[in-house]
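K.L.:
need a 3D model of the following:
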Amino acid sequence: MPASRAAHLTGGQRFAIMGTMPERNLQIARFIGETPSLAYCDVCRLTFRTRQEFLLDPGQAKQQLQSDFEKHECKPESQAVNDALEHIR
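P.N.:
Numbers count the residues shown, from 1 in each chain. A predicted model of the protein is given here:
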């Protein structure tokens, strides 16, 4: 994906697993035209898909993905925790 198309959204929450973890972020992985259609949590890798009714409205699609992301309970895989810890050391 070209750098100009990459998207990065930050979740407002912090969570604790054996201490404070870095903020989780929503990464947009696919677009349909200008509309984000698939995204994932960069910590637990849970994926989020744009609802069909928002595919023609990029703003609504982005808002829906962000809302779904903020509501999810992040359960990172054990290796994701180790990778995150290595990244901040």
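K.L.:
the bottom helix or strand of the chain by mean pLDDT?
P.N.:
Taking mean pLDDT, DSSP states H and E as the measure, the helix or strand of the chain with the lowest value is strand 7-10, at a mean of 53.
K.L.:
which helices and strands sit right next to the next helix or strand after that strand?
P.N.:
Once strand 7-10 ends, the next helix or strand along the chain (criterion: DSSP states H and E) is strand 25-32. With contacts defined as 3 or more Cβ pairs under 8 Å, 6 or more residues apart in numbering; DSSP states H and E, strand 25-32 has these neighbours: strand 7-10, strand 35-41, helix 58-71. All C-beta spots, glycine's among them, are computed from the backbone N, C-alpha and C.
K.L.:
now these in CSV, with distance to residue 50 and mean neighbour count?
P.N.:
Formatted as CSV, the helices and strands packed on strand 25-32 follow (distance: least, Cβ to Cβ, whole Å; neighbours: other Cβ atoms under 10 Å):
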stretch, distance to residue 50, mean neighbour count
strand 7-10, 12, 12
strand 35-41, 5, 20
helix 58-71, 4, 16
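K.L.:
now distance to residue 49 too, for these, in a markdown table please.
P.N.:
What follows is the helices and strands packed on strand 25-32, written out as a markdown table (distance: least, Cβ to Cβ, whole Å):
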| stretch | distance to residue 49 |
| --- | --- |
| strand 7-10 | 15 |
| strand 35-41 | 6 |
| helix 58-71 | 8 |
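K.L.:
ranking these by mean pLDDT, which is last?
P.N.:
When mean pLDDT is averaged over each of the helices and strands packed on strand 25-32, strand 7-10 scores lowest at a mean of 53.
K.L.:
contacts only, for residue 72.
P.N.:
Contacts of residue 72 were listed using Cβ atoms under 8 Å, 6 or more residues apart in numbering, and they are 41, 44, 46, 48.
K.L.:
appreciated, that's everything.
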